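K.L.:
what's the 3D shape of this:
(chains A and B)
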Amino acid sequence: MQPTNTVNPDYFHKVVDCQWACPAHTPVPEYIRLIAAERYGDAYMINWRSNVFPGILGRTCDRPCEPACRRGRVEEQPVAICRLKRVAADYKEDIRHLLPRPTARNGKRVACLGAGPASLTVARDLAPLGYEVVVFDQDPFGGGMMRTQIPRFRLPESVIDEEVGYVLELGVELRQKRIESMREMLAMGFDAMFVGTGAPRGRELDIPGRREAAANIHIGIDWLSSVSFGHIAKIGKRVIVLGGGNTAMDCCRSSRRLGGEDVKVVVRSGFEEMKASPWEKEDAQSEGIPILNWLVPKEFTHDNGRLTGVIFEKVKAVRDARGHRDLVPTGEPDQHIACDDVLVAVGQENAFPWIETDLGMEFDRWGMPKVDETTFQCSIPGVFFGGDSAFGPKNIIWAVAHGHEAAVSIDKYCHGENIAERPSPLTNLVSQKMGIHEWTYDNGVANDLRYKVPHKDAAIALKDIRVEVELGYDDKLAFKEAQRCLNCDVQTVFEEKLCIECDACADICPEDCITFAPNGEEPELRGRLMAPSDNLTQDLYVSAELPTKRIMVKDEDLCLHCGFCAERCPTGAWDMRKFRLDTTQAGDGCRSKA
Amino acid sequence: MSYLAKPKFHHPAIPVNELGFTHRDYEGAISTLCAGCGHDSISAAIIHACFELSIPPHRVAKLSGIGCSSKTPTYFLGQSHGFNTVHGRMPSVLTGANLANRELTYLGVSGDGDSASIGIGQFVHAIRRGVNMVYIVENNGVYGLTKGQFSATADQGSKSKKGVANADSPIDMVAMALQLGATYVGRSFSGDKAQLVPLIKGAFEHRGAAFIDCISPCVAFNNHAGSTKSFDYVRAHNAALNTLDVITGRAPITADYEPGESRTVRLHDGGSIRLRKLDASHDVTDRATALSAIHRHNAAGEIVTGLLYCEEDSHDLHDRLGTVDGPLNRLGAAELCPGVEILERINASLR
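P.N.:
This next block holds a predicted model:
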């Protein structure tokens, strides 16, 4: 193998599994250390820069960081990264003085369509640079689906108000307007436009009885939004929720709070394949909501237009010759489940009925605008898409990541630059050594297992839809959970010129990560390491040849970042250096002719 | 050195031995020696040797004297018996322990000061008595704990860290052990575990006095230019006679060797050592060849390493003395007081 090129920012970035997995590349270990140091405001600001909505995401994020967390490979459970983010938001001091101030206008005007997380991110990134940003939304308040579709018992309105407020207070104008024509919007003469209108259409379930029993069959996201605005405050005693995603989980748990006593979730697929996050399924089940799998809705039954239940066909999964999974009937008799109301949460779609087809915008074969995956620009120069409206439904953190990239494109576009040239991230690598065995970070590895987040008593939580279920960690639990973080951003950096091959590092490494061996090709070399090395998603860190014709090979997979290799190294060939990577956002840094 | 305890977490897929232990189960407390000390590598080699041989840790007694080397038994085999003796007196305590309980595995760990100066008399007699033990000298040529004075094994002409040359002749522990009748003699280097681990394994499987002189650079006081016990010097002047694989009677392994280059030496309990010869002229079962190899390489300015000598059908102290089979603590009143009749018979034989 060739010596590892650690100058490539991706190398050390990949070692920070959580940051690499986060679409917005939030520097996770950095803010977790700040939480442990009770510097909640600073922890919040690191998040705010990267993901704009720490308080909201700390309650609702899909947390791609957690399955990636190295701790989950070292022991059973990852660090509760998401809930620690909430800790930063809950316990921070007033941080308003740390927010950017509106600056003198630069004369450029940008329109953001929709006031959801993607649009607000674009506004947050551009407004402090002097852009005049106008956010259009059909509702009078910002937040988009974060406000309309996420139930209050998961996300209190005050948190949305606060974090949407931080964006709007940067001098962003929120204008209530139902968008009906792209032509009209283009004619308003903005220098650039960002479309962040989300995926607002809930998928229909067109089976017999749908029209006849329509009064008691509701589309999930529309129903959630009506609940959110207080238009709906009650539901029948027996409720069936169709669908296995997070929206279905929100629907069933909301139903339990609005009078539903016998609420069931019915899903076509198996439990494991459901799209809902494991913790959301767990929360629903803990509120006494059974999840029934392998049942495909066949017909709504009704008594003269009054819904009486749903007939389901029992299915099983069968793989065809090409490995595709098919659901086929088991042949067992159909099952009828009686109910008073049905909530349909079987997916949602983007919809652009308001984009005229004669504007010169190119559409793909599903009728969606063609959007570049790097620049987020559609085929009309200066018009950008992001969030769910770009590539279909994902989640908030992806919308934020899209927003940042689109803001970079808009900033470059408005400065006449080539938007295809993307800025590289800002990186920094600094030794953390303070003494012979002293480091700036706490390198002792805590053995604690993941701490559970305390919940409100179910009897109280189920009575009022506005009562937040999760109480969040208190400061003591937060500290203990923060100490579980392995500080993967503090990198083990090896300098072969200093190595005397005393083996001290290989002897002390608790995970047997380090091997000194003759070089070879990667697959063969992996077979010769001190410990099995079969996680191919994790790189080998390889040195140049040492005097004894061997190389140093470190398998990054299970490294605890405990720094013992560096503590045992007599010559300082190993050092613990903190790798900081900040994605480049809109502004001088992203432009080539700054 | 580190203050923190080594993290308990280990790689989930590291191998376990016949007893169900991982090599981590053979560790001790975290070392307080200087970072990079050769002694820590020897500790790691002992850990790996015991792990690979599936030695039950509670059946090992580790004994040592005084010095950096003699601190190391704290850093391995945390579940074993230990005895930290007076300076240089490890061999007699080990001999006594061995006489009292022959069923334990004895590991004596000492240094060049402990064994070649203050305890040289003890070393000499334990070896010549053929005590069944593994005796490892962690040899760095200096007194590390008192800041780097030459020890008795420092080569004549080698330079101290301050640049002063050593005027005295060195004691060659390996040559002494051979002359004193040790039945398993090897020399190795802390920076070469591929050689050291099997050498230690062979010593554990051998019955009789097994002696290993392990050169172990002192990174603080004896790893500079002019030293003959530095990493660089030992690597540049290492003349290895052989490499070896230890095959225990319990788990025979088969490996392919080119004919004429390998030689099998029998051990007790059905085990054996498969040697790959690097020096074709060396006969590992001939004491005189071993001594001459040491002198020949010494004259050429080389450090000879590997298994130098192994007596195939060796005997230990208990064989020579005809002691009882089991440990003394299992002797009951009947054995210890055989009765008037026996006493009469003994008295009669003395008249």
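K.L.:
longest single helix anywhere in chain B?
P.N.:
The residue-count maximum for a helix in chain B (DSSP state H) belongs to helix B:38-52.
K.L.:
On the three-state scheme, the residue of the stretch 1-150 of chain B found nearest chain A is what?
P.N.:
Residue nearest to chain A within the stretch 1-150 of chain B: B:Gly36 (2.7 Å; Cβ to the nearest Cβ). (Each C-beta comes from the backbone N, C-alpha and C, glycine too.) Secondary structure for B:Gly36, judged by DSSP: H, G, I helix; E, B strand; the rest coil, is coil.
K.L.:
and the closest residue to it other than its chain neighbours, what element?
P.N.:
Spatial nearest neighbour of B:Gly36, excluding adjacent residues (Cβ to Cβ, 6 or more residues apart in numbering or on different chains): A:Pro570 at 2.7 Å. Here A:Pro570 sits in a region with no helix or strand, counting by DSSP states H and E.
K.L.:
A:Pro570 reaches A:Glu501, doesn't it?
P.N.:
No - contact between A:Pro570 and A:Glu501 fails when scored by Cβ atoms under 8 Å: they sit 11.0 Å apart.
K.L.:
count of neighbours near B:Gly141?
P.N.:
The local packing of B:Gly141 (other Cβ atoms under 10 Å in any protein chain shown) involves 29 other residues.
K.L.:
from memory it sits against B:Gln149, does it?
P.N.:
No - using Cβ under 8 Å, B:Gly141 is not in contact with B:Gln149; the gap is 10.3 Å.
K.L.:
Shouldn't A:Arg580 be within a helix?
P.N.:
No - remark: A:Arg580 does not belong to a helix; assigned using three-state DSSP, it is strand.
K.L.:
residues near it, how many?
P.N.:
18.
K.L.:
Then B:Arg320?
P.N.:
Neighbour count for B:Arg320, taken as other Cβ under 10 Å: 10.
K.L.:
Likewise for the one 4 residues further on?
P.N.:
Applying other Cβ under 10 Å, we find 12 residues neighbouring B:Val324.
K.L.:
do the same with A:Gln2
P.N.:
Neighbourhood size, A:Gln2 [other Cβ under 10 Å]: 7.
K.L.:
what about the strand or helix carrying A:Val493 and chain B, touching?
P.N.:
In the assignment (DSSP H and E), A:Val493 maps to strand A:490-494. No - Strand A:490-494 is not in contact with chain B by Cβ under 8 Å from any Cβ of the partner chain; minimum separation 14.3 Å.
K.L.:
can you tell me which residues contact the residue lying closest to B:Val109 once chain neighbours are set aside?
P.N.:
Of all residues not flanking B:Val109 in the chain, B:Ser64 sits nearest, at 4.4 Å (Cβ to Cβ, 6+ apart). By Cβ atoms under 8 Å, 6 or more residues apart in numbering or on different chains, the contact list for B:Ser64 reads B:70-73, B:82-85, B:90, B:108-110, B:114.
K.L.:
Ok, B:Ser230 next?
P.N.:
By Cβ under 8 Å, 6+ apart, the contact set of B:Ser230 is B:Pro217, B:Asn222, B:Asn223, B:His224.
K.L.:
Next one: it from A:Lys316, what distance?
P.N.:
70 Å (Cβ to Cβ, to the nearest Å).
K.L.:
Check for me that B:Thr345 belongs to a strand.
P.N.:
One correction, residue B:345 is Arg, not Thr. No - using three-state DSSP, the secondary structure at B:Arg345 is helix, not a strand.
K.L.:
just checking, next helix/strand downstream of the strand holding A:Val493?
P.N.:
Note on strand A:490-494: by DSSP H and E, the next helix or strand toward the C-terminus is helix A:504-508.
K.L.:
Let me know how buried the residue in the stretch 101-250 of chain B that chain A sits nearest to is, in neighbour terms.
P.N.:
Minimum separation of the stretch 101-250 of chain B from chain A (Cβ to the nearest Cβ) falls at B:Val219, amounting to 4.4 Å. Using other Cβ under 10 Å, the number of residues around B:Val219 comes to 24.
K.L.:
which residues sit in contact with residue 3?
P.N.:
You didn't say which chain, so I picked chain A. So A:Pro3 contacts A:Glu496, A:Val542, A:Ser543, A:Ala544, A:Ile551 (Cβ under 8 Å, 6+ apart).
K.L.:
oops, chain B please
P.N.:
B:Tyr3 neighbours (Cβ under 8 Å, 6+ apart): A:His437.
K.L.:
and it, that's in a strand?
P.N.:
No - counting by three-state DSSP, B:Tyr3 is not found in a strand; it is coil.
K.L.:
If I look at it, what pLDDT would I see?
P.N.:
The score at B:Tyr3 is 78. That number is its pLDDT.
K.L.:
Need phi/psi at it.
P.N.:
Main-chain torsions, B:Tyr3, degrees, to the nearest 10: phi -90, psi -30.
K.L.:
so who does the single nearest residue of the stretch 251-351 of chain B relative to chain A touch?
P.N.:
Chain A sits closest to B:Thr305 of the stretch 251-351 of chain B, with a gap of 14.6 Å, by Cβ to the nearest Cβ. Listed by Cβ under 8 Å, 6+ apart, the contact set of B:Thr305 reads B:Gly186, B:Arg187, B:Ser188, B:Phe189, B:Asp192, B:Gln195, B:Asn238, B:Ala239, B:Ala240, B:Leu241.
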